[in-house]
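1. sequence and predicted structure, then a few things I'm wondering about:
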Protein chains: 2
Amino acid sequence: MNTSKVKHPLDQKKVVVIGGGVIGASWAALFLANGLRVVINDPQPGIESKVCDYVAQAMPALQALGYDMRAALQQLSFESDLANAVADADFVQENGPERADFKTALWATIERSAPAHCLFFSSSSGIPASIQASQMQSPGRLIIGHPFNPPHLLPLVEVVPNPQTARALIDASLDFYRALGKCPLEIRKEIDGFVANRLQSAIFRECVYLVSQGVITAADLDSVVTQSLGIRWATNGPFLSFHLGGGDGGFSHFVDHLAPGMETRWREQLASTVHFDEATKKLLVEQIESGYGDRTIAQLAEARDEREITIINSARKAAQ
Amino acid sequence: MNTSKVKHPLDQKKVVVIGGGVIGASWAALFLANGLRVVINDPQPGIESKVCDYVAQAMPALQALGYDMRAALQQLSFESDLANAVADADFVQENGPERADFKTALWATIERSAPAHCLFFSSSSGIPASIQASQMQSPGRLIIGHPFNPPHLLPLVEVVPNPQTARALIDASLDFYRALGKCPLEIRKEIDGFVANRLQSAIFRECVYLVSQGVITAADLDSVVTQSLGIRWATNGPFLSFHLGGGDGGFSHFVDHLAPGMETRWREQLASTVHFDEATKKLLVEQIESGYGDRTIAQLAEARDEREITIINSARKAAQ
């Protein structure tokens, strides 16, 4: 396999996007922004206008991130026959239905039809590469490239190889996503939820607990996060934050002085009961409505995207 | 009690800061930035130069946040006699040793000496107001005003009344911190760790788990957070994020479709074993050293402060 290709600029390379839903269309927008030729493979009627609409809608955000989108749509095409679509592909990014039988059959077909140098990525958050690849001749070729929604905006891509994947192929995958301006990070074991969604689940359990216990309202809890932890974690992750929180002694000092108290709190938190039962659902929905119901989902999403772009751009500037 | 005072500008109002360690000195810097007269009460020898040094060091950050610090140090004084210090105080912000016996005796003295309109705040993260106030005549007067470190920078203040606190006093406390440019949020029940630290503990357990299981390195986990969840949470809190993640159906849609999977993951996460045992400590310290050891704590902290200021300023601009 010629993995050196991915180290070159991606301009005019061909990527096939399987599935043109919101994740696939968002990937398509990002690939187009990076000068790739994008072919959408999706049997859904009317897929052309859906994807074109999404890409057009994503353009202002990508322009705000510094991409020249003027020629983007000229590089977009559609091919409903899978074997034809991947025949001369350099990359495949799959975003099909989250069904193991669908994906295993899909990848077996792709492997038969795509060139040997083509890199295979699945956006799946739920079905490990080792399962999806179970009918492939070279299952090690399939790697999860799991974006954080929306893929054209948030930098993270969780790169999860399967146990049979060769080191060179993992590195080529990281190179590919880096060349797209993303921040790919290697997940070294197949695990449910990978990393970001597991962290999100862990914190959300405590969020639901605190609101259901009447400790704080849902909207106020959101503000606690945006006005403290969010600012910290947009800047430094949890380990570096505690490394600095330990003063001159760094993380060792943190562990010696604060870890015992944190372990005690863990025991208490583990002993709490949290369920999405009807009463809890009702309480959360009511509080979220009363906190945010004066704005539409579209207005709130637009405000979020603007703020996220500002933070992403300021992080890039700081890294220069 | 004349709570209307706190709705007026704070200029020339007097705040007594008990304890001039890093938290107290950081509060002092913020109070000075807002035009308050600040009196430090701390028996420690050499406290004057320690606090002045801290304030001088905090000035660039406060200037970057838009404060005029030129006359700040002229408003700073020291009074080692507690009764004298609080005799004409408008506000007290306590940052003494985290010992219940110390704090209960302290507040009884303060209550006897301070004017009736004076607001009483403790920065304590560990000793509830109801315990600290147990020897006061009017225990309801004492409220926790728990900052997020460093107080002069991060907007959050967790305002935790004790069960005897009157509504008007809670509102006056929120007004005070708002007038300082902070984001005060009411915690409605006394609970260990309040909200921010509980959320931080909950997520950190999973962080330690994932690194100790070899799923990801500590520095890569930090990057997962800064490149996805941190950007999201600096913008919108967890509830609003899932409200928008639910698309047009909002949070109801999220609960119906994603909550069952999250509950399954919670069960798995609760069943995991995580301890700061020697092997885990060693692994974490080594990975943090190898991820960040090329920079000093001071360099890393300076970079963090710069980034945090940028994010705080961009949030303020967006809110205008």
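-> Received the coordinates, thanks. Residues are numbered from 1 along each chain as shown, chains lettered A, B, ... in the order given.
2. where does chain A have low pLDDT?
-> Judged by pLDDT under 70, chain A has its weakly predicted residues at A:1-8.
3. can you pull out the helices in it?
-> A:22-33, A:47-64, A:82-86, A:100-113, A:129-132, A:167-179, A:196-212, A:218-224, A:230-235, A:238-245, A:250-271, A:278-292, A:297-319 (DSSP state H).
4. wait, which of those helices is closest to residue B:217?
-> With Cβ to Cβ as the measure, helix A:238-245 is the member of those nearest residue B:217 (9.4 Å). (C-beta placed from N, C-alpha, C; glycine too.)
5. so what touches that closest one?
-> In this structure, residues lying in contact with helix A:238-245 by Cβ atoms under 8 Å, 6 or more residues apart in numbering or on different chains are A:232-233, A:236, A:250-251, A:254, A:258, B:149, B:200, B:203-204, B:207, B:211, B:218-219, B:221-222, B:225, B:284, B:287-288, B:291-292, B:297, B:300-301, B:304.
6. got the angle between that helix and helix B:297-319?
-> Here the directions of helix A:238-245 and helix B:297-319 differ by 110 degrees (axes from the mean of the first three to the mean of the last three Cα atoms, to 10 degrees).
7. hang on, the earlier thing: would a markdown table of the helices of chain A with mean neighbour count and distance to residue B:266 be doable?
-> Output for these, formatted as a markdown table (neighbours: other Cβ atoms under 10 Å in any protein chain shown; distance: least, Cβ to Cβ, whole Å):
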| stretch | mean neighbour count | distance to residue B:266 |
| --- | --- | --- |
| helix A:22-33 | 25 | 25 |
| helix A:47-64 | 17 | 33 |
| helix A:82-86 | 19 | 38 |
| helix A:100-113 | 17 | 23 |
| helix A:129-132 | 22 | 23 |
| helix A:167-179 | 18 | 30 |
| helix A:196-212 | 23 | 5 |
| helix A:218-224 | 24 | 18 |
| helix A:230-235 | 27 | 21 |
| helix A:238-245 | 24 | 19 |
| helix A:250-271 | 16 | 10 |
| helix A:278-292 | 17 | 13 |
| helix A:297-319 | 16 | 26 |
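8. residue B:310: which of those helices is closest?
-> The nearest among these, by Cβ to Cβ, is helix A:297-319 at 4.7 Å.
9. give me the angle between that closest one and helix A:278-292.
-> 70 degrees.
10. can you tell if helix A:297-319 touches chain B?
-> Yes: residues of helix A:297-319 contacting chain B under Cβ under 8 Å from any Cβ of the partner chain: A:297, A:300-301, A:303-304, A:306-308, A:310-312, A:314-315, A:318.
11. again with stretch A:281-288
-> Yes: Stretch A:281-288 comes into contact with chain B (Cβ under 8 Å from any Cβ), by way of A:281, A:284-285, A:287-288.
12. surely residue A:15 and residue A:93 touch.
-> Yes: if you go by Cβ atoms under 8 Å, residue A:15 and residue A:93 touch, sitting 6.2 Å apart.
13. shared neighbours of the two, anything?
-> residue A:31.
14. want to throw the residues of stretch A:281-288 next to chain B into TSV with distance to residue A:155?
-> Formatted as TSV, the residues of stretch A:281-288 next to chain B follow (distance: Cβ to Cβ, whole Å):
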residue	distance to residue A:155
A:281	32
A:284	29
A:285	31
A:287	31
A:288	27
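15. confirm for me that residue A:9 is in contact with residue A:35.
-> Yes: contact status for residue A:9 versus residue A:35: in contact at 7.3 Å, counting by Cβ under 8 Å.
16. neighbour count: the two, which is higher?
-> residue A:35 (16 against 9; other Cβ atoms under 10 Å in any protein chain shown).
17. from chain B, how far off is that one?
-> 22 Å (Cβ to the nearest Cβ, to the nearest Å).
18. I'd say that residue and residue A:14 touch.
-> No: taking contacts as Cβ under 8 Å, residue A:35 lies outside contact range of residue A:14: 11.2 Å.
19. adding distance to residue B:154, write the helices of chain A out as TSV.
-> Formatted as TSV, the helices of chain A follow (distance: least, Cβ to Cβ, whole Å):
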stretch	distance to residue B:154
helix A:22-33	32
helix A:47-64	27
helix A:82-86	49
helix A:100-113	44
helix A:129-132	40
helix A:167-179	32
helix A:196-212	18
helix A:218-224	11
helix A:230-235	6
helix A:238-245	12
helix A:250-271	18
helix A:278-292	22
helix A:297-319	16
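20. can you say which of the ones you listed is nearest to residue B:156?
-> Checked against Cβ to Cβ, the stretch from the helices of chain A lying closest is helix A:218-224, at 6.1 Å.
21. ok now the closest one, how far from the chain's centre?
-> 24 Å (Cα atoms, centre = their mean, to the nearest Å).
22. and residue A:189, how many residues sit next to it?
-> Around residue A:189 there are 14 residues (other Cβ under 10 Å).
23. residues contacting it?
-> B:213-215.
24. pick the one among these closest to chain A.
-> residue B:215 (4.9 Å; Cβ to the nearest Cβ).
25. related to what we said a few turns ago, closest to residue A:158 out of the helices of chain A?
-> Residue A:158 lies closest to helix A:196-212 among the helices of chain A, at 6.5 Å (Cβ to Cβ).
26. elements contacting the closest one?
-> Applying 3 or more Cβ pairs under 8 Å, 6 or more residues apart in numbering or on different chains; DSSP states H and E, we find helix A:196-212 packed against helix A:218-224, helix A:278-292, helix B:196-212, helix B:238-245, helix B:250-271.
27. who wins for proximity to residue A:179 among those helices?
-> helix B:196-212 (26.9 Å).
28. how far off helix A:238-245 does the closest one point, in degrees?
-> Going by the same axes, to 10 degrees, helix B:196-212 makes 120 degrees with helix A:238-245.
29. with just CA atoms, put helix B:196-212 into PDB.
-> This file holds the C-alpha atoms of helix B:196-212, laid out as PDB (Å, rounded to 0.1, in the frame of the first residue of the first chain):
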ATOM      1  CA  ALA B 196     -18.400  22.400  39.400                       C
ATOM      2  CA  ASN B 197     -16.100  20.200  41.500                       C
ATOM      3  CA  ARG B 198     -18.600  17.400  41.500                       C
ATOM      4  CA  LEU B 199     -18.800  17.500  37.700                       C
ATOM      5  CA  GLN B 200     -15.000  17.700  37.500                       C
ATOM      6  CA  SER B 201     -14.700  14.600  39.800                       C
ATOM      7  CA  ALA B 202     -17.200  12.600  37.800                       C
ATOM      8  CA  ILE B 203     -15.400  13.200  34.500                       C
ATOM      9  CA  PHE B 204     -12.000  12.700  36.000                       C
ATOM     10  CA  ARG B 205     -12.800   9.200  37.200                       C
ATOM     11  CA  GLU B 206     -13.400   8.200  33.600                       C
ATOM     12  CA  CYS B 207     -10.300  10.000  32.500                       C
ATOM     13  CA  VAL B 208      -8.200   8.000  35.000                       C
ATOM     14  CA  TYR B 209     -10.000   4.800  33.900                       C
ATOM     15  CA  LEU B 210      -9.300   5.300  30.200                       C
ATOM     16  CA  VAL B 211      -5.600   6.100  30.700                       C
ATOM     17  CA  SER B 212      -5.100   3.300  33.200                       C
END
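30. next one: it to chain centre, how far?
-> 19 Å.
31. so who does the residue of the stretch 1-150 of chain A found nearest chain B touch?
-> Closest residue of the stretch 1-150 of chain A to chain B, Cβ to the nearest Cβ: residue A:148 (3.9 Å). Applying Cβ under 8 Å, 6+ apart to residue A:148 gives the contacts A:154-158, A:196, B:227-229, B:232.
32. and it, how close does it get to residue B:226?
-> Distance from residue A:148 to residue B:226, counting by Cβ to Cβ, to the nearest Å: 12 Å.
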